[in-house]
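J.: dropping the sequence and predicted coords here.
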Amino acid sequence: MNKIRCTWANPANPRYLAYHDTEWGVPCHDELRLFEMLNLEGAQAGLSWETILNKRENYRAAFDQWDARKIAHYDDAKVAELLANPGIVRNRLKVAATITNARAYLTMLDGGLTLDQYLWSHVGGKPIVNRWARGERPARTELSDRISKDLSKRGFKFVGSTIIYAYMQGIGMVDDHDPDCFCHTGR
C-alpha cells in the first residue's frame with residue numbers, strides 16, 4: 001500500500017522522499033545539524049529545496065562537515081575554492097553568509113547559548129503541530145518574523161522570515177505535514 005505524503009514530496013527522488021519521511025518535521029536538537037540546516041536553508045533562497053538537498057553531501061565536504069570553528073576562519077583562498085566548487089551553489093553572498101553565520105554562532109556559544117536552547121525556547125521546547133489544508137502552508141508566520149529579526153540582530157545572514165519558517169519546518173519546530181500525510185504527528 002502506498003503511503004500518503006505531503007504534496008511537495010517528489011516521489012521520483014528517493015533522497016527527497018527519505019528527507020520527507022525521516023527528517024522534515026522531526027524535532028532536532030543536534031547542534032551540528034541545526035547549524036547545517038540554518039546554512040542550507042539560506043543557500044536555498046531563490047532555489048528549490050530539492051536542489052540543495054541533492055547537494056547536501058557536497059556542502060558537508062566543502063564546509064568541513066559544518067565545523068563552525070573552521071568555517072569562521074576561512075580566508076580569501078578558501079572562499080575562492082568554494083566559489084569554484086560545482087558541488088555547491090556558487091554564490092558569493094551565500095558563501096560569505098555561511099562564514100558570517102559561523103562567527104555569529106560562535107559568539108552565541110561563547111555567550112552560553114546554544115542554537116538548540118535558543119530555537120526551542122521560542123516554542124516552549126515542544127513543536128507546534130499545525131493542521132493546514134493540504135498544500136496550504138504559509139511561507140512565514142509571526143514567530144518566524146520574530147526569530148528572523150532576532151537572528152539578524154545577532155549577526156546572522158540569509159535568515160529572512162521565509163527562510164526561517166522553512167528552517168523551523170525542517171528541524172521540526174513546527175509539524176506542517178499535510179493532515180493526511182502518514183508523518184503528521186496529529187494523525
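T.: Noted; the coordinates are in hand.
J.: mind listing what the residue nearest the centre of the chain touches?
T.: For the chain, the residue nearest the mean C-alpha position is Met37 (3.1 Å; Cα atoms, centre = their mean). Met37 makes contact with 28, 167, 170-171, according to Cβ atoms under 8 Å, 6 or more residues apart in numbering. Where you see a C-beta, it was placed from the backbone N, CA and C, and this is true even at glycine.
J.: scan the residues you listed and report the most crowded one.
T.: The most crowded member of these is Ile171, carrying 27 neighbours; neighbours defined as other Cβ atoms under 10 Å.
J.: contacts only, for that one.
T.: Counted by Cβ under 8 Å, 6+ apart, Ile171 has contacts 27-28, 33-34, 37, 119.
J.: what's the answer for Asn101, then?
T.: 35, 38-39, 42, 156-158.
J.: strands of this protein, residue ranges please.
T.: 128-129, 174-175 (DSSP state E).
J.: to Ala102, which of the ones you listed lies closest?
T.: For Ala102, the closest of these is strand 174-175, at 25.4 Å, according to Cβ to Cβ.
J.: buried residues in the top helix by length along the chain?
T.: With DSSP state H setting the assignment, residue counts place helix 92-110 as the longest helix in the chain. In terms of neighbour count (16 or more other Cβ atoms under 10 Å), helix 92-110 has its buried residues at 94-95, 97-102, 104-105, 108.
J.: make CSV out of these and add distance to Leu47.
T.: CSV is the format used below for the buried residues of helix 92-110 (distance: Cβ to Cβ, whole Å):
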residue, distance to Leu47
Lys94, 10
Val95, 14
Ala97, 14
Thr98, 15
Ile99, 20
Thr100, 20
Asn101, 18
Ala102, 21
Ala104, 23
Tyr105, 23
Met108, 27
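J.: mind putting those in CSV, pLDDT and distance to Asn2 included?
T.: Below are the buried residues of helix 92-110 laid out as CSV (pLDDT from 0 to 100; distance: Cβ to Cβ, whole Å):
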residue, pLDDT, distance to Asn2
Lys94, 98, 37
Val95, 98, 40
Ala97, 98, 39
Thr98, 98, 38
Ile99, 98, 43
Thr100, 98, 44
Asn101, 98, 39
Ala102, 98, 42
Ala104, 98, 43
Tyr105, 98, 41
Met108, 98, 43
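J.: which of these sits closest to Ala72?
T.: Ala102 (4.2 Å).
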